[in-house]
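Trainee: fold the following, please.
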Amino acid sequence: MGLYQQLNITRPYQFTMYASTVPMDSSKLVLLLSFSYILLHQPSLTAAQPNFIKYYCNNVGDYTTNSTYQRNLNSLLSSLASDTQIDYGFYNLSVGEFPDRVNAIALCRGDVAVDVCRSCVNDSNHKILEVCPNKMGAFGVYPLCMIRYSNRSIFGVVDEQPSFYQANPQNVLDVTLFNQALQTLFARLGAKAASGDSLKKFATGNQNAGDETVYAIVQCTPDLSEGQCSSCLLNLFRMMTNCCDGEVQGKIGAKLIRPSCNLRWEIGQFFNGTLEILPSPPPPQISSRPSLPAPAQGRPWIVINCLPNFYFDVLI
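Mentor: Presented below is the predicted three-dimensional model:
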């Protein structure tokens, strides 16, 4: 079985599951990631996408055709985005009674229009049944929305598996300055998103990083508490320092996704809204102690590894 079949990756996107490896010549890998990154990160904000960029079929069990569970699932998915009074991009519904109860959540990126969100969710309702037939649980990701359903309780619960990442292979100009800007930006956005209400936990922002400007979004499903959202984002950020074979750290753009939260950064604005560019963080103060040796060439992860502790201190 090939890697695409194992990971359920829909071509031509290269969206990688946490801890997975792809043996490939380095030059070919860079070309593939560059091309696929452009495809993945240029979704139209006026129309939903036809295929998932990533999906996961839960193998905990299958339902039988024409069963009560299937009828409940079909009923739930067909009505998930039908409530026109919901205009904040978050849908959570349940249908049926145990053991045939189905729970579902659909979440749109917080900056997309209502009609785009509903179209995306409606597309995902059909697609998830195609790619995960007869599965008791599944998780599908579009660029502008995601959907998941399960026979277990998923409301108000931090769900951190599966974890996916995708990154632009291009390095930033100044790793130290860029990482310092990321520290400031994600601490601010994480706190803002976590303090959101039960309708939306989403934040966007930007930060100067010398000759570059970094733009970012963070988001949690709004059924989480402030502490749960903070914890989910913190653990997602920690994932960046412990995975991915150096494909995420020190890059000009990346996206990390879990069912309950996600984050993304770029050096160009990719979300709706007008923002004020903030000044660069002040340079580190000069210490009277002897300076430490400079990080070895090609190992910018040493700087970024400081991010989780800083982020935790601000959010918690």
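Trainee: residue 223 is in contact with residue 92, correct?
Mentor: Yes. With contact defined as Cβ atoms under 8 Å, residue 92 reaches residue 223; the gap is 6.1 Å. From N, CA and C alone the C-beta is placed, and that goes for glycine too.
Trainee: tell me, what's touching these two both at once?
Mentor: Listed as contacting both residue 92 and residue 223 by Cβ atoms under 8 Å, 6 or more residues apart in numbering are 105, 155.
Trainee: poorly predicted segments of the chain, please.
Mentor: 1-50, 241, 273-316 (pLDDT under 70).
Trainee: helices of that one, start to end?
Mentor: Secondary structure of the chain (DSSP state H): helices at 3-7, 26-40, 68-79, 114-131, 175-194, 226-242, 301-304, 307-315.
Trainee: which elements pack onto the fifth one?
Mentor: In this structure, helix 175-194 makes packing contacts with strand 201-209, strand 212-220, helix 226-242, strand 261-266, helix 301-304, helix 307-315, judged by 3 or more Cβ pairs under 8 Å, 6 or more residues apart in numbering; DSSP states H and E.
Trainee: may I see the buried residues of that helix?
Mentor: Within helix 175-194, the residues that count as buried by 16 or more other Cβ atoms under 10 Å are 175-191, 193-194.
Trainee: care to break this protein down by domain?
Mentor: 41-150, 164-315 (automatic domain parsing).
Trainee: nearest to residue 156, out of the ones you listed?
Mentor: For residue 156, the closest of the domains of the chain is domain 164-315, at 5.1 Å, according to Cβ to Cβ.
Trainee: first to last residue in stretch 161-169, what's the distance?
Mentor: 25 Å (Cα to Cα, to the nearest Å).
Trainee: just the buried residues of it, please?
Mentor: 162-169.
Trainee: now stretch 121-136
Mentor: For stretch 121-136, by 16+ other Cβ under 10 Å, it's 121-125, 127-129, 131-132, 135-136.
Trainee: also stretch 89-108?
Mentor: In stretch 89-108, counting by 16+ other Cβ under 10 Å, buried: 89-93, 95-96, 100-108.
Trainee: out of those, which one sits closest to residue 158?
Mentor: residue 105 (12.5 Å).
Trainee: which non-adjacent residue is nearest the closest one?
Mentor: Spatial nearest neighbour of residue 105, excluding adjacent residues (Cβ to Cβ, 6 or more residues apart in numbering): residue 92 at 4.9 Å.
Trainee: now that neighbour: how far from residue 145?
Mentor: 13 Å (Cβ to Cβ, to the nearest Å).
Trainee: joint contacts of these two?
Mentor: Common neighbours of residue 92 and residue 145 (Cβ under 8 Å, 6+ apart) are residue 106.
Trainee: residue 242: neighbour count?
Mentor: 11 (other Cβ atoms under 10 Å).
Trainee: nope, residue 70 is what I meant
Mentor: For residue 70, using other Cβ under 10 Å, the count is 16.
Trainee: ditto for residue 60
Mentor: Considering only other Cβ under 10 Å, residue 60 is surrounded by 10 other residues.
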